[in-house]
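Asks: After the sequence you'll find the predicted model.
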Amino acid sequence: GAVVSQHPSWVICKSGTSVKIECRSLDFQATTMFWYRQFPKQSLMLMATSNEGSKATYEQGVEKDKFLINHASLTLSTLTVTSAHPEDSSFYICSAPLSAGGPNEQYFGPGTRLTVT
Amino acid sequence: AQKVTQAQTEISVVEKEDVTLDCVYETRDTTYYLFWYKQPPSGELVFLIRRNSFDEQNEISGRYSWNFQKSTSSFNFTITASQVVDSAVYFCALGWTGRRALTFGSGTRLQVQP
């Protein structure tokens, strides 16, 4: 079946540094990918929609200059957390809709746990 | 507003008990999709079911069953004869045409004690 991978699965970085998280669709092409953020013991909240060949669309309240999204190819989207701070520590999950699948049907990556010290 | 409410924050049961997780949704769309996902401690979301708004038939899959009632805007999930491996956070989610991402409820943490 369709698989979405994320790399790294966890990362620890110092405050002020930048971190890049990759999301790949392994056996299908994804013109759109979604980035969600999940704080401890909370729900998943959509951060942004990554579009291949065009700019990402950010949800209200998400700083586009802080969370840089690049959809470099039909199988890869990257999320870069710039100048990370402890409050950015969270679980980041990407998903990709399967174009041949039903509406809203999507595959989720395993997530990346970011800890900023 | 498009919204999903999971009023039960945490449920604790003893193994072999039946347990029902509640999900109430709000949407102005007539075509929409409801999902349940399981999130074990590893964090990876496990897809359980997808149901569209035109199909109110209840679904059973092994020990899992779902009750979809449009009249009460609910899509409840029942685990029969719960097992320790069922311990996880369960999310109900809503999707609708025009927005391919999902809106998630706050989740219900289920603990099944041996």
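Replies: Sure thing, it's come through.

Asks: what does chain A have sitting close to chain B?
Replies: Proximity of chain A to chain B (C-beta under 8 Å from any C-beta of the partner chain) is limited to residues A:32, A:34, A:41-46, A:49, A:91, A:93, A:95, A:97, A:102-106, A:108, A:110-111, A:113. All C-beta spots, glycine's among them, are computed from the backbone N, C-alpha and C.

Asks: Buried among these? Need that as a selection in PyMOL.
Replies: This is the PyMOL syntax for the buried subset of the residues of chain A next to chain B, where burial follows 16 or more other C-beta atoms under 10 Å in any protein chain shown:
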select buried, chain A and resi 32+34+43+44+46+49+91+93+95+97+103+104+105+106+108+110+111
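
Asks: who touches B:Val89 in this structure?
Replies: B:38-39, B:107-110 (C-beta atoms under 8 Å, 6 or more residues apart in numbering or on different chains).

Asks: do the same with A:His7
Replies: Neighbouring residues of A:His7 by C-beta under 8 Å, 6+ apart: A:21-22, A:24, A:112.

Asks: measure it to B:Arg50 for me?
Replies: 27 Å (C-beta to C-beta, to the nearest Å).

Asks: Looking at chain A, which residue is nearest chain B?
Replies: A:Asn104 (2.9 Å; C-beta to the nearest C-beta).

Asks: Please confirm that that residue is located within a strand.
Replies: No - assessed with DSSP: H, G, I helix; E, B strand; the rest coil, A:Asn104 is coil; it does not lie in a strand.

Asks: mind pulling up the phi and psi values for it?
Replies: Here is the backbone geometry of A:Asn104 (degrees, to the nearest 10): phi 70, psi 0.

Asks: ok, now the one 10 residues further on?
Replies: Listed backbone geometry of A:Leu114 is phi -110, psi 130, with angles given as degrees, to the nearest 10.

Asks: Now do the contacts for it.
Replies: Per C-beta under 8 Å, 6+ apart, neighbours of A:Leu114: A:10-11, A:13, A:19, A:21, A:81, A:84, A:88-92.

Asks: In contact with the residue positioned nearest the centre of chain A: list those residues for me.
Replies: Nearest to the mean C-alpha position of chain A, by C-alpha atoms, centre = their mean, lies A:Trp35 at 3.5 Å. Neighbouring residues of A:Trp35 by C-beta under 8 Å, 6+ apart: A:23, A:46-50, A:67, A:69, A:77, A:79, A:92-94.

Asks: Give me the pLDDT for it.
Replies: A:Trp35 carries a pLDDT score of 97 in this model.

Asks: which one is it nearest to, not counting chain neighbours?
Replies: Closest residue in space to A:Trp35, ignoring its immediate chain neighbours: A:Met47 at 4.6 Å, by C-beta to C-beta, 6 or more residues apart in numbering or on different chains.

Asks: ok but B:Val13 is inside a helix, no?
Replies: No - applying three-state DSSP, one finds B:Val13 to be strand, outside a helix.

Asks: Would you mind confirming that it is in contact with B:Gln113?
Replies: Yes - applying C-beta atoms under 8 Å as the test, B:Val13 and B:Gln113 come out as touching, 7.1 Å apart.

Asks: Please identify which of the two sits among more neighbours.
Replies: A direct count of neighbours by other C-beta atoms under 10 Å in any protein chain shown for B:Val13 and B:Gln113 places B:Val13 higher, at 16 against 11.

Asks: quick one, what contacts that one?
Replies: B:19, B:82, B:110-113.
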